[in-house]
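**Student:** Model the following, please.
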Amino acid sequence: MELKLQKAQHDYYEKVCFAPFPCETMRENIVPDSCGDIARIVDTTGVVCLTGRELTGDGRFCASGSVEASVLYIPEKEEGLRSLHFQIPFQCYGEGQGEASCEDLEIRGELRSIDTRVLNPRKVLTRANLVLYPTLCRPVSLSVCTGVAGDKAEGIQLLREQKQTRVMAGVREKEFTFSEELPLSPGRGGAEEILSTRIDVRGTDSKLIGNKLVVKGFLSASVLYREAGGRLGMLQQELPFSQILEGNGFDEDCESEAAYRLLSLDCRVGSESAPDDTCTLTMSVSLCTRVIVWKHLEIDFIADLYSTAAAVSCQMEELEISEDSQQNIRRQNVRELLETGSAVRSVVDTEIVCGGARLEGGEWKIPIWARCLYADENDQLGSVRREFTAAVSAELEGDGMDCEGEAACQGDVIANITPEGIELRFPVECAVTASRRRRCLCVAGGELEEENQNREPAPSLILRKMGEGERLWDVAKQYRATREGILSVNELADESQITMDRLLLIPRAR
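**Tutor:** Numbers count the residues shown, from 1 in each chain. Got it, this is the predicted structure:
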């Protein structure tokens, strides 16, 4: 006879990370008539604006957007650095293993390299290589048995267990735009031309207050510009921001974390009230913030059952959950030499980009792309780039843990001039999330079996010792007794008082 089991439903999401996939894009660009012919390319910079992402019907990822490129060059018959600004559109696909059930797709993009080649004095070819990191949210509907209902529950003994896990409760997104006027140093000349612009977005706080999600952060802006006299200037400034998103449906004890994706970037000389003010720059940025909300979930379930009155056959199923969730920050100071091949007089600009961290051999391996714009001993501008890997200790990660790491350069980049080139020193932080995935058996169904009338009668009292690794539950189940009955008849308060050499009296239920 089938047992009527009570069940509890748990609905949440799980995060699925896929391998990064590369994307290459290029564009030919004509030098405007107002600019002189190109004599030499000095450097090329760019930022990734990822505006579109989609999970296609065949299970592939599609990402689209543009690279905002700035080509720094020296013109013929002119002095000083000039710049070409243009967009390089891209659309690329990665394999997604047919995740049709997923409801949310996020793709983070990084610019791995960008370079420009002169086709003729009036035309250039710029090539950009990106790395895209896709993540998905897969809905999970977990049903577990928590008890037995009805009159058939008489004599049923339940072994209940409880597991705690940290799961994703949901995702919220919001696009927003803000503008900021940036004053230049009063002791310098005004800006005649903006040569390159880049930003780095860093979240500092994410909280659920009532039914609102409040996120805060800083936007680190770096603007290279040319003054009227030809001298180069660098403006670096941190711009605070905050946003409020709807948080309906989440409990206040939930945790949240925010990530940001650049949609568009524009920087121009002048302000809204004074467009010709060369001592002020106006920066306009569009961002998309994506907030993941996490909750702590207690899952109660029946790990085993039997009846003191009749034999029971159980159907078991495997329950897989993540436990021991930890969030830590791993820090490492990095020092790397970029050889220039010629003596360096001064460093104009530095840039550090950290790629996706991977766990390997007890360390987090972090790909790093470094770039320096410098002036040599002849006051000629040049640039040097290098790709290398930094290692950060994994400490307690590994050994059956599911780990995810995200790295960033958090802090000042110090550039020291050496006889060989430029030595860079900078801090790298790797934000690590680790959890242990455990599998345990739980009851999915059960049936009471009819008793065999011809079976031999069993003794009403049994004397025995506990075996190695044996639980009181196992003994009680074997003889259709109860744990409470065994403890009571042996005058024990709890199972911890039972020693291996203790002879136990096992009363059978009648």
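
**Student:** buried sites along stretch 357-366?
**Tutor:** Across stretch 357-366, burial judged by 16 or more other C-beta atoms under 10 Å covers 357-359, 363-366. C-beta: built from backbone N, CA, C; applies to glycine.

**Student:** would you list these in JSON lines and tack on secondary structure, distance to residue 14 and pLDDT?
**Tutor:** As requested, these are exported to JSON lines (DSSP: H, G, I helix; E, B strand; the rest coil; distance: C-beta to C-beta, whole Å; pLDDT from 0 to 100):
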{"residue": "357", "secondary structure": "coil", "distance to residue 14": "20", "pLDDT": "91"}
{"residue": "358", "secondary structure": "strand", "distance to residue 14": "20", "pLDDT": "90"}
{"residue": "359", "secondary structure": "strand", "distance to residue 14": "19", "pLDDT": "89"}
{"residue": "363", "secondary structure": "strand", "distance to residue 14": "27", "pLDDT": "89"}
{"residue": "364", "secondary structure": "strand", "distance to residue 14": "23", "pLDDT": "92"}
{"residue": "365", "secondary structure": "strand", "distance to residue 14": "25", "pLDDT": "94"}
{"residue": "366", "secondary structure": "strand", "distance to residue 14": "25", "pLDDT": "94"}
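
**Student:** now for the residues you listed, which pair is the farthest apart?
**Tutor:** 359 and 366 (10.7 Å; C-beta to C-beta).

**Student:** In contact with residue 175, which residues are there?
**Tutor:** 263, 286-288 (C-beta atoms under 8 Å, 6 or more residues apart in numbering).

**Student:** how about 10 Å then?
**Tutor:** 51, 243, 261, 263, 286-289 (C-beta atoms under 10 Å, 6 or more residues apart in numbering).

**Student:** among these, which are in strands?
**Tutor:** Under the assignment DSSP state E, the contacts of residue 175 contribute 51, 243, 261, 263, 286-289 to strands.

**Student:** Now the terminal residues of stretch 260-280, how far apart.
**Tutor:** 27 Å (C-alpha to C-alpha, to the nearest Å).

**Student:** So what touches the least confident helix or strand in the chain by mean pLDDT?
**Tutor:** Ranking every helix and strand in the chain by mean pLDDT, DSSP states H and E puts strand 461-464 at the bottom, with a mean of 86. Contacts with strand 461-464, where a contact means C-beta under 10 Å, 6+ apart, come from 475, 478-479, 481, 489, 503-508.

**Student:** List buried residues within the residues you listed.
**Tutor:** Buried among these (16+ other C-beta under 10 Å): 475, 479, 481, 504, 506-507.

**Student:** Which helix or strand contains residue 474?
**Tutor:** helix 472-478 (DSSP states H and E).

**Student:** following that helix, which helix or strand shows up next?
**Tutor:** Using DSSP H and E, the helix or strand that follows helix 472-478 towards the C-terminus is helix 483-489.

**Student:** Show me what the most centrally placed residue in the chain is bridged to.
**Tutor:** Residue closest to the mean C-alpha point of the chain, counted by C-alpha atoms, centre = their mean, is residue 406 at 5.9 Å. Beta-bridge pairing for residue 406 (DSSP bridges): residue 431.

**Student:** ditto for residue 312
**Tutor:** residue 448.

**Student:** Contact partners for it?
**Tutor:** Residue 312 neighbours (C-beta under 10 Å, 6+ apart): 3, 155-157, 304-306, 443, 446-449, 477, 480.

**Student:** give me the low-pLDDT residue ranges for the stretch 51-200 of the chain?
**Tutor:** 96-102, 151-153 (pLDDT under 70).

**Student:** Strands of that one, start to end?
**Tutor:** Along the stretch 51-200 of the chain, the segments classed as strands by DSSP state E, counting those that start in this stretch run 60-75, 82-95, 104-120, 123-149, 156-183, 191-209.
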